[in-house]
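Trainee: output the structure for:
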Amino acid sequence: MNNKFLDCTALTIAIIGAVNWGLIGLFSLDLVALIFGNMSLISRIIYALVGISGLYLITFYMYTDRGTDKHE
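Mentor: Reported below is the predicted structural model:
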């Protein structure tokens, strides 16, 4: 978590992906496919970036217990 720019970028991309999945689940509307085309090169890159961001954000779990005293 030393690179704030990378952290914020990954979080923003993951939020965009989550909103897209919410739209798919609620309204059957894939916003990425609507804007960039169904499985076009650009939409595939966006989907890949969302997946990579999600994998990167898994590392945030290592920092969830920071600041807590484990010897209480």
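Trainee: count of neighbours near residue 27?
Mentor: 9 (other CB atoms under 10 Å). Yep, even glycine has a C-beta here, placed from its N, CA and C like the rest.
Trainee: residue 6: neighbour count?
Mentor: Around residue 6 there are 12 residues (other CB under 10 Å).
Trainee: list the contacts for it?
Mentor: If you count contacts by CB atoms under 8 Å, 6 or more residues apart in numbering, residue 6 has them with residue 56.
Trainee: figure out the helix or strand that it lives in.
Mentor: helix 4-27 (DSSP states H and E).
Trainee: list the buried residues for the next helix or strand after that helix?
Mentor: Following helix 4-27 in sequence order, the next helix or strand is helix 31-36 (DSSP H and E). Residues of helix 31-36 classed as buried: 32, 33, 36 (neighbour count, 16 or more other CB atoms under 10 Å).
Trainee: likewise for stretch 48-59?
Mentor: Neighbour counts over stretch 48-59 (16+ other CB under 10 Å) mark 49, 50, 53, 56 as buried.
Trainee: which residues does that stretch contact?
Mentor: Residues outside stretch 48-59 that contact it (CB under 8 Å, 6+ apart) are 1, 6, 9, 10, 11, 13, 14, 16, 17, 20.
Trainee: so, low pLDDT: which residues of the chain?
Mentor: Across the chain, the ranges flagged by pLDDT under 70 are 1-2, 66-72.
Trainee: closest to the centroid, which residue in it?
Mentor: residue 14 (1.5 Å; CA atoms, centre = their mean).
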